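Peer 1: I'll drop the sequence and a predicted model, then ask my questions.
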Amino acid sequence: QVQLQESGPGLVKPSETLSLTCTVSGASISTYYWSWIRQPAGKGLEWIGRIYTRGSTTYNPSLRSRTTLSIDTSNNQFSLKLSSLTAADTAVYYCARSPRSSWIDYWGQGTLVTVSS
Amino acid sequence: NFMLTQPHSVSESPGKTVTISCTRSSGSIASYFVQWYQQRPGSSPATVIYEHNQRPSGVPDRFSGSIDSSSNSASLTISGLETEDEADYYCQSYDGGNWVFGGGTKLTVL
């Protein structure tokens, strides 16, 4: 059974960098595409970016300048770094798996990140 | 970049059929696969339709997807509505590798 689990700080200060990790179990991270999506409270989904096992990345153009995705095959994890945080970055952050680059088949449970001083 | 526009909300009675639309602002709807995700309150999204009209294993055949090139839109149809279908539904597509989600439609089954 494939499971994805996000981990990271629940509270981050403005202007700082958010670091989140997604740990994958039940599947090898060396195949598939891996994505981050976020959702502010009461609002819709926003795609952040996607990484493939060979390290190729695709980012949302509106977040590209602040986003870095990486993959750790030895620990079966992938990570998100989002810099220069503001209150607008407060959201539930989901990690997800894609069997092809077009759609998601597994989602993590999500982790709430609040940006506040 | 393009946008995907969905109705803010729809409602229907149990046992009936409802259709949720998703209109693409630019680029051909037929050229880029459309997916549909269901999100119940307090839960992560779950895929109900992928690649226009494919159902993942475990999704009942009451859920179906289609596209209409004349209106450049996709549709999610749910037949035999059940109270458990009450949720937010999001369409998603892409262009040049970049993903875009629709704003979501709240389905009320009353």
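Peer 2: Received it, and whenever you're ready, just let me know what you need. Everything numeric here is computed off the predicted structure, so don't read it as measured data.
Peer 1: so where do the strands sit in chain A?
Peer 2: A:3-7, A:11-12, A:18-25, A:33-39, A:46-52, A:57-59, A:67-72, A:77-82, A:91-98, A:106-107, A:111-115 (DSSP state E).
Peer 1: May I see those organised as TSV, with mean neighbour count added?
Peer 2: Just so you know, the C-beta spots here come from the backbone N, C-alpha and C atoms, and that holds for glycine as well. Below are the strands of chain A laid out as TSV (neighbours: other CB atoms under 10 Å in any protein chain shown):
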stretch	mean neighbour count
strand A:3-7	17
strand A:11-12	16
strand A:18-25	18
strand A:33-39	24
strand A:46-52	21
strand A:57-59	18
strand A:67-72	17
strand A:77-82	21
strand A:91-98	22
strand A:106-107	20
strand A:111-115	17
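Peer 1: quick one, which of those strands is nearest to B:Arg40?
Peer 2: Across those, the minimum distance to B:Arg40, taken as CB to CB, is reached by strand A:106-107, at 12.3 Å.
Peer 1: That closest one and chain B, are they touching?
Peer 2: Yes - Strand A:106-107 reaches chain B (CB under 8 Å from any CB of the partner chain) through A:Trp107.
Peer 1: tell me the mean pLDDT for that strand?
Peer 2: If you average the pLDDT over strand A:106-107, you get 96.
Peer 1: now do stretch B:81-97
Peer 2: Stretch B:81-97 comes out at a mean pLDDT of 95.
Peer 1: list the buried ones in that stretch?
Peer 2: For stretch B:81-97, burial by neighbour count (16 or more other CB atoms under 10 Å in any protein chain shown) applies to B:81, B:85-94.
Peer 1: Can you check what pLDDT the model gives the residue positioned nearest the centre of chain A?
Peer 2: Residue closest to the mean C-alpha point of chain A, counted by CA atoms, centre = their mean, is A:Trp36 at 3.0 Å. Reported pLDDT at A:Trp36 in the predicted model: 98.
Peer 1: my read: it touches A:Ala91, true?
Peer 2: No - look at A:Trp36 against A:Ala91 with CB atoms under 8 Å: they stay out of range, at 10.6 Å.
Peer 1: just so I know, which of the strands of chain A lies nearest B:Ser43?
Peer 2: strand A:106-107 (9.2 Å).
Peer 1: tell me what that closest one is packed against?
Peer 2: strand A:3-7, strand A:91-98 (3 or more CB pairs under 8 Å, 6 or more residues apart in numbering or on different chains; DSSP states H and E).
Peer 1: Out of those strands, which gets nearest to B:Trp99?
Peer 2: Of all these, strand A:91-98 comes closest under CB to CB, at 9.5 Å.
Peer 1: Is chain B within reach of the closest one?
Peer 2: Yes - Strand A:91-98 lies within reach of chain B by CB under 8 Å from any CB, at A:Tyr94.
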